[in-house]
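K.L.:
no sequence on this one, just coordinates:
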């Protein structure tokens, strides 16, 4: 394995920095930087292509040494402790960072479960919300998350950190044209005649708990400030809301919180249906 020593802020180091901080450069190279034990373990477990490891060879745990020795990479980089500290986004410098290749966005490549549960996040604008959404989708058994429109970058370090290891376990597909989504949905409707699209709104619509969510479903959540786009509201089979206390000052939930509540309602209905079928 080829290893390159970086002792100053040369071209290699500048590339590391732009992969962390520059969205356009990330897509130019088709790569992004990741740090953290949980994230790196999940990336390897889920067969993401690890291009390079970055580390200080003088300060490595047995875990880090094992990763470097067993994971196939193209080239690795050793940095001085000072350079690694500047590159790491953590207060306690990560001992191991990785450059990872992005995955291609192809809706048709995602393997769906027999009773599909798909999540859509329309134009997310907050890194933490997107990361939390990914984590919740993974925790509640969603088949995949679709991100639409002009959105925060999926490969931003803060998104990956807030998603924790779930980032590498949950398929996340970005689409820029609504027509691509509609085409995909029509193929699902042909395969699953009872497939349903649930749009969401903060305004008083049908309470989510009164809707039958046991069959194949796509749940659509809107942008943090503007909500779900009119095009997607019109495309929905039904619009649902989470009823709130009549005397509540709050007019809506944080989008990630709302998504988690509705996703859990879907899981709850399906679990109850499964129990009833066994009885």
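P.N.:
Yep, it's here. Here the structure is a predicted model, which means the values were calculated and not measured.
K.L.:
mind listing the helices for this protein?
P.N.:
With DSSP state H applied, the chain shows helices at 11-21, 23-29, 37-45, 62-70, 81-87, 127-139, 157-163, 178-191, 230-235, 255-278, listed in chain order.
K.L.:
packing partners for the third one?
P.N.:
Packing partners of helix 37-45 (3 or more CB pairs under 8 Å, 6 or more residues apart in numbering; DSSP states H and E): helix 62-70, strand 96-101. From N, CA and C alone the C-beta is placed, and that goes for glycine too.
K.L.:
what's next to it, contact-wise?
P.N.:
When contacts are defined by CB atoms under 8 Å, 6 or more residues apart in numbering, helix 37-45 is touched by residues 34, 50, 63, 67, 71, 96, 98, 100, 160-161, 164-169.
K.L.:
between those, which is closest to residue 85?
P.N.:
Taking CB to CB as the measure, residue 85 sits nearest to residue 96 out of those, at 13.4 Å.
K.L.:
quick one, what contacts the closest one?
P.N.:
Under the contact definition (CB under 8 Å, 6+ apart), the residues listed for residue 96 are 35, 40, 53, 54, 55, 60, 64, 67, 68.
K.L.:
Tell me the most packed of those, by neighbour count.
P.N.:
With neighbours set by other CB atoms under 10 Å, the maximum within the contacts of residue 96 is found at residue 40, which has 25 neighbours.
K.L.:
got a pLDDT number for that one?
P.N.:
In the prediction, the pLDDT value recorded for residue 40 is 97.
K.L.:
Return the member of the helices of the chain having the minimum mean pLDDT.
P.N.:
Set side by side, those show their lowest mean pLDDT on helix 255-278, which sits at a mean of 85.
K.L.:
That one - contacts with which helices or strands?
P.N.:
Other elements packing on helix 255-278 under the criterion 3+ CB pairs under 8 Å, 6+ apart are strand 117-122, helix 127-139, strand 196-200, strand 217-221.
K.L.:
Run through who's touching the first one.
P.N.:
Among residues not part of strand 117-122, those counted as contacts by CB under 8 Å, 6+ apart are 112, 130, 133, 137, 141-149, 151, 181, 216-223, 228-229, 232, 255, 259, 263, 266.
K.L.:
rewinding a little: tell me which of the helices and strands packed on helix 37-45 lies nearest to residue 13.
P.N.:
Comparison of those against residue 13 by CB to CB identifies strand 96-101 as nearest, at 12.0 Å.
K.L.:
Quick one: distance of the closest one to the chain centre.
P.N.:
Its chain's average C-alpha position is 17 Å from that of strand 96-101, according to CA atoms, centre = their mean, to the nearest Å.
K.L.:
One more: stretch 11-23?
P.N.:
Centroid displacement of stretch 11-23 relative to its chain, using CA atoms, centre = their mean, is 22 Å.
K.L.:
got a list of contacts for that stretch?
P.N.:
4, 6, 25-26, 29, 31-33, 54, 77, 79, 83, 87, 89, 97, 99, 153, 155-157.
K.L.:
Swap in 7 Å and give it another go.
P.N.:
For stretch 11-23, the surrounding residues in contact (CB atoms under 7 Å, 6 or more residues apart in numbering) are 4, 6, 25-26, 29, 31-33, 54, 77, 83, 87, 99, 153, 157.
K.L.:
Pull the most distant pair out of the residues you listed.
P.N.:
The span of the contacts of stretch 11-23, defined through CB to CB, is set by 4 and 153 at 27.2 Å.
K.L.:
ok, for residue 194, nearest residue in space, not its chain neighbours?
P.N.:
Nearest in space to residue 194, with sequence neighbours left out and distances taken as CB to CB, 6 or more residues apart in numbering, is residue 215 at 4.4 Å.
K.L.:
Does the one you found touch residue 196 like I think?
P.N.:
Yes: the criterion here is CB atoms under 7 Å, and residue 215 meets it with residue 196 at 6.3 Å.
K.L.:
Please determine how far the closest residue in space to residue 80 that isn't next to it in sequence is located from residue 79.
P.N.:
Leaving aside its sequence neighbours, residue 80 sits nearest to residue 7 (CB to CB, 6+ apart; 5.8 Å). To residue 79, residue 7 is 8 Å away according to CB to CB, to the nearest Å.
K.L.:
Run a quick neighbour tally on the nearest residue to residue 209 once chain neighbours are set aside.
P.N.:
Leaving out its chain neighbours, the residue that sits closest to residue 209 by CB to CB, 6+ apart is residue 265, at 5.9 Å. The number of residues packed around residue 265, counting by other CB under 10 Å, is 18.
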